[in-house]
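Undergrad: here is a sequence together with a model predicted from it:
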Amino acid sequence: MTMTKRVTIIADAVEHLGPDLAKRLARHDHDLVLGGAADGLVEELLALGAEVELVEEVSTGKCLTRPDAVQTLVERAMTRFGSFNSAFIRPAVHVTGDILSTTAEDFQEAFEGNMLASFFALQTLIKSLIEQGRGGQVLIGASGTGVKPFPGGTAYSSTKAGTVMMIRNAAITAAPHGITVNAIGTMALNYPGFLDNTGCRDPEVLAQMLKAFPAGRLGEPAEAAHIAAAMMDGESHFMSGEFISVSGGWTTT
């Protein structure tokens, strides 16, 4: 099929900002290739007028550590739509523990799940967009902890920091081809992964954590999706190599 609308790849569309990003882009004349999908999301996107290619075998967490995971998404985009314009990939393997309690195995898990998965995604997406020759946008899900220390998640924070620098390097390589490469990082977003990994389902734990956030509240996935969509909808061509924090002011303190 020849592409007539913009096409975006999103992995994952199960949680975090992915589902809201998919809906926002569908409302703005995008077709979608989804790595996994939240319950009812595909039906909602179809009702909004989008065509949807669902790739259930590539969704969240460790799925993206496979070297061919994002390539599978690209191939499905090419088969269904003939091309793609932009991609949001969110590698996220949360590992808790400070420098004393983190094991080598913990750190390896965080490295593979966060930094290596981002490396595979960047290589695949940038190469594919260069071959298409029309530019494009790549957005990688990083973390606010990649630019501000978070001792309770030393391995996660460190590998997300490495991811941010890798994105900056990749952006320089991609820029002459009209391709933007950026990172978006959240902290204290109201979704199960954050609540479970920080213990913030406990109201007392949540109240204590929010004292460190100038906004004094959790962020909502739709708020982060609003920012992400602005970098992926085909209107942003000059911002590249940047890390955008959506953290209620946490990364500035």
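TA: Sure thing, it's come through. All values reported here derive from a predicted model rather than from experimental measurement.

Undergrad: where does pLDDT dip in the chain?
TA: Along the chain, segments meeting pLDDT under 70 span 1-3, 61.

Undergrad: any idea where the helices of the chain begin and end?
TA: Secondary structure of the chain by DSSP state H: the helices cover 18-27, 41-47, 69-81, 104-110, 117-132, 154-174, 192-198, 203-210, 221-232.

Undergrad: can I get the ones you listed in TSV including mean neighbour count and distance to residue 253?
TA: Just so you know, the C-beta spots here come from the backbone N, C-alpha and C atoms, and that holds for glycine as well. Listed next are the helices of the chain as TSV, based on neighbours: other C-beta atoms under 10 Å; distance: least, C-beta to C-beta, whole Å:
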stretch	mean neighbour count	distance to residue 253
helix 18-27	24	26
helix 41-47	16	35
helix 69-81	20	34
helix 104-110	16	24
helix 117-132	21	26
helix 154-174	21	16
helix 192-198	15	17
helix 203-210	13	13
helix 221-232	20	19
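
Undergrad: will you turn those helices into CSV that also has distance to residue 12?
TA: Converted to CSV, the helices of the chain look like this (distance: least, C-beta to C-beta, whole Å):
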stretch, distance to residue 12
helix 18-27, 5
helix 41-47, 11
helix 69-81, 11
helix 104-110, 18
helix 117-132, 12
helix 154-174, 16
helix 192-198, 10
helix 203-210, 24
helix 221-232, 12
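
Undergrad: identify whichever of the ones you listed lies nearest to residue 241.
TA: helix 154-174 (3.3 Å; C-beta to C-beta).

Undergrad: so that closest one versus helix 117-132, what angle?
TA: Relative orientation of helix 154-174 versus helix 117-132 (axes from the mean of the first three to the mean of the last three C-alpha atoms, to 10 degrees): 20 degrees.

Undergrad: ok so, going back, which one, of the helices of the chain, ends up nearest to residue 87?
TA: Closest among the helices of the chain, using C-beta to C-beta: helix 117-132, at 5.2 Å.

Undergrad: chain center to the closest one: distance?
TA: Its chain's C-alpha centre and that of helix 117-132 lie 14 Å apart, by C-alpha atoms, centre = their mean, to the nearest Å.

Undergrad: what's that helix in contact with?
TA: Identification of contacts with helix 117-132 by C-beta atoms under 8 Å, 6 or more residues apart in numbering yields 9, 64-67, 69-71, 74, 83-84, 87, 89, 91, 93, 135-136, 138, 140, 163, 166-167, 170, 173-174, 177, 179, 181.

Undergrad: looking at the helices of the chain, which is closest to residue 4?
TA: helix 69-81 (8.7 Å).

Undergrad: put the alpha carbons of the closest one into PDB.
TA: Coordinates of each C-alpha in helix 69-81 appear next as PDB, following Å, rounded to 0.1, in the frame of the first residue of the first chain:
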ATOM      1  CA  ALA A  69      12.500  -5.900  17.500                       C
ATOM      2  CA  VAL A  70      12.300  -2.400  16.000                       C
ATOM      3  CA  GLN A  71      13.300  -3.900  12.600                       C
ATOM      4  CA  THR A  72      10.100  -5.900  12.900                       C
ATOM      5  CA  LEU A  73       8.100  -2.800  13.500                       C
ATOM      6  CA  VAL A  74       9.700  -1.100  10.500                       C
ATOM      7  CA  GLU A  75       9.100  -4.100   8.200                       C
ATOM      8  CA  ARG A  76       5.400  -4.100   9.200                       C
ATOM      9  CA  ALA A  77       5.200  -0.400   8.500                       C
ATOM     10  CA  MET A  78       6.700  -0.900   5.100                       C
ATOM     11  CA  THR A  79       4.500  -3.800   4.300                       C
ATOM     12  CA  ARG A  80       1.200  -2.200   5.400                       C
ATOM     13  CA  PHE A  81       1.800   1.500   4.500                       C
END
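
Undergrad: okay then, goodbye and thanks.
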